[in-house]
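Colleague: Sequence first, predicted model second:
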Amino acid sequence: LCITRTHICPTCRAPMTLQSGQRCVSHSANRLVDLLPHPCTNRDSGCEVEELLGKLTQHEQDCPYRLVRCPIGYCTDNIPMASLSEHVSAYPHFLTTHAYPTTNILTFSRYIPSQNMG
């Protein structure tokens, strides 16, 4: 570590100490990292988007593969948004879903089978 040899950053001249948690950072390397495309953080859920960091942040907020908590109160599953309709339509929820194409709003309705009392 260069901090053992100097207490001032050679690039920006800010004071550096190990106690403050500061580390010597290569500003040139940081600029290069900004020029490379990065994969979406939802890659493991199926997203294949790779963007520059500035655009990637916006994409991740609206990514169809972002993890969301199941809207059914008793269910604590976190699932990709793209799989939400399939998730709530399956066991144990059995909800009927309908997506409105113009607004992308997903609605649910529950089918409760009648119990034959006799």
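Modeller: Arrived safely, thanks for sending. Numbers count the residues shown, from 1 in each chain.
Colleague: Apart from its chain neighbours, what residue comes closest to Val33?
Modeller: Closest residue to Val33 in three dimensions, ignoring its sequence neighbours and counting by CB to CB, 6 or more residues apart in numbering: Leu53, at 7.8 Å. Placement of C-beta: from N, CA and C, glycine included.
Colleague: Which positions within the longest helix that the chain contains qualify as buried?
Modeller: Looking across the chain with DSSP state H, the single longest helix is helix 53-62. Using 16 or more other CB atoms under 10 Å as the test for burial, helix 53-62 gives 56, 59-60.
Colleague: the helices in this structure, which residues?
Modeller: Under DSSP H, the chain gives helices at 27-34, 53-62, 84-89.
Colleague: Who are the packing partners of the second one?
Modeller: Other elements packing on helix 53-62 under the criterion 3 or more CB pairs under 8 Å, 6 or more residues apart in numbering; DSSP states H and E are helix 27-34.
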